[in-house]
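In: Quick one: sequence plus predicted model below, questions after.
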Amino acid sequence: MAPACGSKIARQTFLGVWIRYLIERKPIQVFGDGRQRRDFNFVDDVIEALLLAAAAPASEGQAFNLGHTEHMSLEELAAMLVRLNGSGKSP
């Protein structure tokens, strides 16, 4: 989602925006064909990765990309959010 720069919504992630839309009873907007896939990290996994990197001198100055083996399409995610919310509209 690419909202206008400088707007309040531009500082939110697409997931935060979608949840806000559900709360406000607005339809979720999925840009593109909805088949784009995303994976999500568990907070515990991110904390563990940060601690491991902090404890390893070789990681100083390095960049790391965390990911998960399970992923879903944006279309599937939108439908799941609507289902969990008990109402709403997704593409």
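Out: That came through, no problem.

In: where are the low-confidence patches of the protein?
Out: Counting by pLDDT under 70, the chain shows low-confidence ranges at 1-12.

In: the helices in the protein, which residues?
Out: 14-23, 43-55, 74-85 (DSSP state H).

In: mind checking which of those is nearest residue 34?
Out: Checking the helices of the chain against residue 34 by Cβ to Cβ gives helix 74-85 as the closest, at 3.2 Å. For the C-beta atoms, the positions are set from N, CA and C on the backbone; glycine is no exception.

In: returning to what we had before: reformat the helices of the chain as JSON lines; add mean neighbour count.
Out: Listed next are these as JSON lines, based on neighbours: other Cβ atoms under 10 Å:
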{"stretch": "helix 14-23", "mean neighbour count": "16"}
{"stretch": "helix 43-55", "mean neighbour count": "11"}
{"stretch": "helix 74-85", "mean neighbour count": "17"}
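
In: Can you say which of those helices is nearest to residue 36?
Out: helix 74-85 (5.1 Å).

In: Just give the closest residue to the spatially most central residue of the chain, not the sequence neighbours.
Out: Centroid-nearest residue in the chain: residue 15, 4.8 Å away (criterion: Cα atoms, centre = their mean). Nearest residue to residue 15, sequence neighbours excluded (Cβ to Cβ, 6 or more residues apart in numbering): residue 77, at 7.9 Å.

In: if I look at the residue nearest to the centre of the chain, how far off is residue 58?
Out: Residue 15 sits 33 Å away from residue 58, going by Cβ to Cβ, to the nearest Å.
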